[in-house]
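Engineer: What follows is a predicted structure for the sequence shown.
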Amino acid sequence: MNIADLQKMDGRRFPARRLTKNIAGGASSIQTENFCMGIVELDPEGGQVPWHNHPEEEVYFILEGKGEMCIGSERKEITGGQAVFIPPNEFHQLSNIGKTPLKMIYCYGPAGDVDHWKQELEGTLPKEGVDVPSLPEGAWPQCTDPAE
């Protein structure tokens with residue numbers, strides 16, 4: 001039996017102020033072919049999964065906290081207990097707009113690392129409104145700072 005223990009995982013820290021731990025796929029001991037799943041903690045007041053897209057369909061399930069979810073031209077507040085579907089190739093961003101950490105689970109398929117993780121770590125994430133479409137009006141700014 002293969003059990004991934006989140007308490008024993010270091011996870012990966014990203015420049016956009018979040019910690020990601022792979023539950024299935026990626027760096028997890030549980031390897032999957034058809035989907036990846038993980039848990040993310042966004043730092044208070046601005047931690048984010050920055051504006052990006054990928055061919056995989058995805059679901060974000062908010063465990064706790066308050067966020068701003070942008071998908072395409074839409075922008076809405078999302079809170080603990082809510083899930084949102086992200087269609088393939090649709091630009092999306094989740095920002096923590098609360099004063100406490102936002103915790104969420106992601107699940108996407110098929111399995112494999114999405115490009116934006118590597119781009120964010122290298123500081124090469126395409127910039128919204130310049131290299132890729134703009135965020136919806138009034139959205140929290142995209143974080144594209146390289147790792148320090």
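Structural biologist: Thanks, I have the structure now.

Engineer: what does the helix or strand of the chain with the lowest mean pLDDT rub up against?
Structural biologist: Across the helices and strands of the chain, the lowest-confidence element by mean pLDDT, DSSP states H and E is helix 115-122, at a mean of 92. Residues from elsewhere that reach helix 115-122 (C-beta atoms under 8 Å, 6 or more residues apart in numbering): 12, 14-16, 20, 50, 52, 54, 125-126, 144, 146-147. To be clear about C-beta, it is placed using only N, CA and C from the backbone, and glycine gets the same treatment.

Engineer: That one: which residues count as buried?
Structural biologist: His116, Trp117, Gln119, Glu120 (16 or more other C-beta atoms under 10 Å).

Engineer: want to try CSV for those, with distance to Tyr106 as columns?
Structural biologist: Output for the buried residues of helix 115-122, formatted as CSV (distance: C-beta to C-beta, whole Å):
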residue, distance to Tyr106
His116, 12
Trp117, 11
Gln119, 17
Glu120, 15
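
Engineer: hang on, the earlier thing: which of the contacts of helix 115-122 count as buried?
Structural biologist: Arg12, Phe14, Pro15, Ala16, Thr20, Pro50, His52, His54, Leu125, Pro126, Thr144.

Engineer: Against Lys127, how distant is the third one?
Structural biologist: Separation of Pro15 from Lys127 (C-beta to C-beta, to the nearest Å): 14 Å.

Engineer: Specify the beta-bridge partners of the residue nearest the centre of the chain.
Structural biologist: Centroid-nearest residue in the chain: Val49, 3.8 Å away (criterion: C-alpha atoms, centre = their mean). Beta bridges link Val49 to Leu94 when assigned by DSSP bridges.

Engineer: No more questions from me, cheers.
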